[in-house]
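> prediction below, plus the sequence it came from.
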Amino acid sequence: MKRIKFRRPMGILFLLLILGILIWNHFRENKVPSPWEQEQFICIGRVTDIVPSSSGKVIYLSKIQELSQEKTPFLLQKILLYPSVSSKTENDLFSSIQIGNKIQVKGTLKTFEKAGNPGEFDSYSYYEAKQITARVYAKKIKILDTSSHLVKQFFFVWREKMMRQLSTVMGEKDAGLLGAMILGDKSRLDADIKELYQQTGVAHMLAISGLHISLLGGVLFDWLRKYLLPMKMAVIVTMILLLLYGQFTGFPVATSRAVWMLWIRLLARYLGKTYDGFTAWSISGCMILIQNPLQLFQCGFVMSFVTAGGILLFQEMTEERQKKMEEWKKTLCVTIWTFFVTLPVLLWYFYEICIYSIVANLILLPFLSFLLGIGILGCVLCLFWPLAGGFILASAHWILSFYEWVCQMINQLPCSTWVMGRPDLWKIVVYYLILFLALYFWGLQRDNRKMAVCMSLLSGILMIFTPRFEFQYVQLDVGQGDCACIFCGNKTFLIDGGSTTEKEIGKYRISKFLKFYGRKEIQAVFITHGDEDHISGIRELIQSNEKLGIRIQKIYIPQLQKKEEGLEKLEKTVKKSGISVQKIKKGNHLRCGKMELTCLHPAPNYDWEDANDGSLTLEIRYENLSLFTTGDLGERGEEQLQLKGQNYDILKVGHHGSKYSSSDSFLQQISPAYGFISAGYQNRYGHPSKETLERLEKHSCIWWNTAEKGALFAEYRKKQKRCWHFKD
């Protein structure tokens, strides 16, 4: 039986470095600055990179010197530069700028914000890991020093030329795909195609990953060694070309890891030494983390190193067993192992997986090396001989069409997507311990029975990955709008879902939040009234049901004597989608286990003047936890409630904290312990008003605003109730 080599000093160093970064990150002072915007911002900086984006070009600026009279209250490391909407066109503003230039910029500076909800993309953490502090929307740019970085500028110009040639020869759709795969340019990648690849579990093909570099580097070295150069010269040429290709594509994390590992492999070949994959893996990890420790917490780093490390471990522990296996069986085993070893990472960052991704990868991966080869050859030929390049790229078109067809077929299979949510860390640790134990029994001990027992235990762990709740109420951060979510056991309910300041909140906030907790089905949505800031996200969920993967069973709207335009339009949209619509009125009760929901307003004959005063008002009770939600109810509507003077734990403060809601008499009747306010940061209405906050404080009500605290939580668990907020 083969024994595993444990004496790998670089591996120990890599693990110690990871541990050190974890401890440092836990104890470091990481106070997130409040959102900061400065209209008249002026600075000088050096252009370190120019990258294409879907909206044009983005300039990376470093070595910042502030010239504004009003100084920012934080250190500016790097900033992103975009053309201002009110400035000249991007071509005029950015056309003469080159990488390496020293420029003076005048424009509006904005910082990145922390995510306000679980599951939401955290732009602050993402850019902090890239050491980027803020973004500037430039109105004026002056070049102070025309000296440029020759290599970076050369690669930028040629990358742009290649993308233009690809678009001319192949069309925008195919060019966007091939440009992402071989040039690292995702600016023209079709959003629907990207989403399709992600849903099928083959999105790694859209990035220049370790697999791409390994294929290209291996083929290049073998070809040079066989046909052109002696071995040592082939090693040197391959290493140089790999370095240039990495620089050409911008050196993303996965590319850096693969280039470092392949360099070490080639160097070992040159020196006649034995290559150790784990040592190369560890060295590449140390090099990346020493330059930027916060990469440890980013998806790209974690996915790349978990995948590569998992495959290396599999190869070492199953080397003897694989000697007796046929090639197709080896490929199948590696693919299955890769699926299981990366599953927790995918769930941690994306909350869902495609259970047929093994099949998709087995079908599509064999064509990848051929696709990359003809793609690169076609790109180069297009620059010098467009006819020949176009002819070669025609075959790439058929491969890409085949890829899309396979992804669509797999996506249409029953239960193709499994929404499990983000698992707890202790569950992930237990999962990996059992998974590696199963590999040990199968690979080293060759004991299939013990391996089967481990896989059975693994299935049990997977079953408890999805977060579970007894009862939880969450007021989501949706900017200037309203959306609350209730988890009661395995049931999910929403109260409203809209915003007037945030775009596509159904896609980027509500659905991400639900998937974070492993939910893809909403039992009922309660619409308080028809204003856009309460229904835009719900309409989006209904209209994009297939793309977002969130299914709504039923929608409740208030039963009103007088019709409300917003509710009427929403009702028509809902009925077209086949979702059940029911009217709810004062006195109606709904039960879900121990949760009781009572409608307190409006009565069917209520003659409203302002649509806000017809807002659906609900009392929600679970054991001894009580909540009162009011929509945009104003003082006139509050007078209709005829309350009995009961105390409530939570009040969802009416109308985003408007001074015309939450009157003294109303607060005196319900005596809330906490007031949850849903309002946008520095909104144009001035919500929440100073008067409302003073009234809440007068009645000893602790108030929290989603604009400052992010999502607001109230939970009942194990006979205990507690409240907290998402942002520290």
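Ah, there it is. Numbers count the residues shown, from 1 in each chain.
> and residue 644, that's in a helix?
No: going by DSSP: H, G, I helix; E, B strand; the rest coil, the assignment for residue 644 is coil, not a helix.
> and for it, the neighbour number?
Residue 644 has 7 neighbouring residues, counting by other CB atoms under 10 Å. C-betas here are computed from N, CA, C, even on glycine.
> can you check which strand is longest in the protein?
The strand spanning the most residues in the chain, taking DSSP state E as the definition, is strand 37-53.
> low-confidence regions, the stretch 51-200 of the chain specifically.
Counting by pLDDT under 70, the stretch 51-200 of the chain has low-confidence residues at 85-92.
> 80 instead?
Within the stretch 51-200 of the chain, the segments meeting pLDDT under 80 span 54-56, 85-93.
> A strand includes residue 62, no?
Yes: according to three-state DSSP, residue 62 belongs to a strand.
> that one and residue 707, how far apart?
31 Å (CB to CB, to the nearest Å).
> one more: residue 238?
From residue 238 across to residue 707, the span is 54 Å (CB to CB).
> mind jotting down where the helices sit in the stretch 51-200 of the chain?
For the stretch 51-200 of the chain, applying DSSP state H, counting those that start in this stretch gives helices covering 90-94, 123-129, 150-170, 172-182, 191-200.
> among those helices, which is nearest residue 619?
helix 123-129 (37.1 Å; CB to CB).
> look at residue 62 and residue 707 and report which has more neighbours.
Regarding residue 62 and residue 707, a neighbour count based on other CB under 10 Å identifies residue 707 as having more, with 23 against 15.
> excluding chain neighbours, what is closest to residue 514?
Leaving aside its sequence neighbours, residue 514 sits nearest to residue 550 (CB to CB, 6 or more residues apart in numbering; 6.1 Å).
> return the residues in contact with the one you found.
Residues near residue 550 by CB atoms under 8 Å, 6 or more residues apart in numbering: 506, 510-511, 514, 520-522, 541.
> what about the nearest residue to residue 482 once chain neighbours are set aside, which SS state?
Leaving aside its sequence neighbours, residue 482 sits nearest to residue 496 (CB to CB, 6+ apart; 4.4 Å). At residue 496, secondary structure determined by three-state DSSP is strand.
> now the one 5 residues further on
Under the three-state scheme (three-state DSSP), residue 501 adopts coil.
> can you get me a residue count around it?
Residue neighbour count, defined by other CB under 10 Å, stands at 16 for residue 501.
> need the three-state assignment for the nearest residue to it once chain neighbours are set aside.
The shortest distance from residue 501 to any non-neighbouring residue, by CB to CB, 6+ apart, is to residue 479 (3.8 Å). Classification of residue 479 using three-state DSSP returns coil.
> ok, how many other residues are close to residue 479?
For residue 479, the count of nearby residues is 23 (other CB under 10 Å).
> do residue 21 as well
Neighbours of residue 21 (other CB under 10 Å): 18.
> state the phi and psi torsions of it.
With angles defined as degrees, to the nearest 10, residue 21 sits at phi -70, psi -40.
> so for this structure, the centremost residue is which one?
The chain has residue 121 as the residue nearest its centroid, 4.5 Å off, counting by CA atoms, centre = their mean.
> for it, what are phi and psi?
When quoted as degrees, to the nearest 10, the phi and psi of residue 121 stand at phi -60, psi 130.
> look up how far residue 712 lies from the residue nearest to it when sequence neighbours are not counted.
Nearest residue to residue 121, sequence neighbours excluded (CB to CB, 6+ apart): residue 115, at 6.5 Å. Applying CB to CB, the value for residue 115 to residue 712 is 14 Å.
> in terms of neighbours, single out the busier of those two.
For residue 115 versus residue 712, neighbours defined as other CB under 10 Å are more numerous around residue 712 (27 against 20).
> pretty sure residue 208 is touching residue 253, no?
No: Residue 208 is not in contact with residue 253 according to CB atoms under 8 Å; the separation is 10.5 Å.
> which residues touch the nearest residue to residue 170 once chain neighbours are set aside?
Among residues not flanking residue 170 along the chain, residue 393 sits closest, at 5.6 Å (CB to CB, 6+ apart). The contact partners of residue 393, by CB under 8 Å, 6+ apart, come to 166, 169-170, 174, 178, 374-375, 378-379, 382.
> one more time with 7 Å, if that's ok
Contact partners of residue 393, counting by CB atoms under 7 Å, 6 or more residues apart in numbering, are 169-170, 378.
> which helix or strand contains it?
In this assignment (DSSP states H and E), residue 393 forms part of helix 386-411.
> near residue 490, how many other residues are there?
Using other CB under 10 Å, residue 490 has 13 other residues around it.
> ok, residue 40 next?
Residue 40 has 12 neighbours, counted by other CB under 10 Å.
> what residues does it make contact with?
With CB under 7 Å, 6+ apart, residue 40 has these contacts: residue 68.
> where's the closest residue to residue 294 other than its chain neighbours relative to residue 298, distance?
Nearest residue to residue 294, sequence neighbours excluded (CB to CB, 6+ apart): residue 129, at 4.0 Å. Distance, residue 129 to residue 298, using CB to CB: 5 Å.
> same deal with residue 466?
From residue 466 to residue 298 the distance is 24 Å (CB to CB).
> just residue 317 next, same as before
Residue 317 is 28 Å from residue 298, where distance means CB to CB.
> over to residue 143?
Look at residue 143 and residue 298: by CB to CB, they are 33 Å apart.
> which residues in the stretch 601-728 of the chain form helices?
For the stretch 601-728 of the chain, helices defined by DSSP H, counting those that start in this stretch occupy the ranges 635-638, 664-670, 690-698, 706-709.
> what does the stretch 351-500 of the chain give?
Under the criterion DSSP H, counting those that start in this stretch, helices of the stretch 351-500 of the chain are mapped to 357-364, 368-384, 386-411, 425-439, 448-463.
> need those helices in TSV (columns: distance to residue 216 and mean pLDDT).
Listed next are the helices of the stretch 351-500 of the chain as TSV, based on distance: least, CB to CB, whole Å; pLDDT from 0 to 100:
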stretch	distance to residue 216	mean pLDDT
helix 357-364	17	92
helix 368-384	6	83
helix 386-411	15	88
helix 425-439	29	95
helix 448-463	35	92
